[in-house]
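J.: what's the 3D shape of this:
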Amino acid sequence: QSNAQEDTVHHHPMIFFALGNCRLLLGQYDQAEKDYIEAIRHRPEMTSARLNLAKAFYEQGRHVCAGHHFAEAYDRAADKNPEHLYYSAAAYLAAQDHARAVQIFERLYAAHPGQAKPEWKAYFVYSLVGEGKARRALPLIRELIAAATGEERLRWQEVLLYQYIQLQMPQEAHRYAVALTREAPETARWWKLLGQIRLGAGDYAEALA
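T.: Coordinates of the predicted model:
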């Protein structure tokens, strides 16, 4: 009986969880992975172990596995944390699985409306563009522009203008480029892009000006 009790103690999920945490901190991700798998094998509802397992997978570059376990941790938790869905989507994006990243972001937005942070929107934009759904990303890009300042605002303005061009929306591209030159006439990149747009439209005199 004492041997059975000793075996039960040695295989308690909290022991595996503690070992996994130590190995995660030491950068021994493959060993930490094994410990966390044992922990959730004994206690599948142990969300903290599943989240750390996802981190161990991510650190090893196994992004699809990380995405799966971040989402699984969200699904199994009684108190739903939208950050976990965001981490799942970001992991799938890192794996260049844009379709699954988009699906997770759609879940995130549906389950937690109004809670999206700027970085969530940015990664959702990357996912949509990567999935070939750039037109759906346009409202998100506009929201990012409205919330940003400085160089970050300039970067998203440029992204929006390039999307208009790539989506073959010449009127929108022209109007937006003109608006940008009026908003910041000292910014050379807007004049350059406006010139390119007018060249593409055959307005050579305007492009030269």
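J.: which regions of the chain lie under the pLDDT threshold?
T.: Counting by pLDDT under 70, the chain contains low-confidence ranges at 1-10.
J.: please redo it, this time with the cut-off set to 90
T.: For the chain, applying pLDDT under 90 flags the ranges 1-13, 45, 114-116, 196, 198-209.
J.: As a check, name the ranges of all helices in it.
T.: 2-10, 13-25, 29-42, 47-59, 63-76, 82-94, 98-111, 118-130, 134-147, 150-166, 170-183, 188-200, 204-208 (DSSP state H).
J.: Now tell me what touches the shortest one from outside.
T.: I take that to be helix 204-208. 195-196, 198-199 (C-beta atoms under 8 Å, 6 or more residues apart in numbering). Every C-beta, even on glycine, is put in place using the N, C-alpha and C of the backbone.
J.: list the contacts for the nearest residue to Glu72 once chain neighbours are set aside?
T.: In space, and not counting its chain neighbours, Glu72 is closest to Arg50: 5.9 Å by C-beta to C-beta, 6 or more residues apart in numbering. Contacts here follow C-beta under 8 Å, 6+ apart; on that basis Arg50 touches 36, 40, 69, 72-73, 76.
J.: one more time with 10 Å, if that's ok
T.: 36-37, 39-40, 43-44, 68-77, 84 (C-beta atoms under 10 Å, 6 or more residues apart in numbering).
J.: Any of those buried? List them.
T.: Burial by neighbour count, judged by 16 or more other C-beta atoms under 10 Å, picks out 36-37, 39-40, 43, 68-74, 84 from these.
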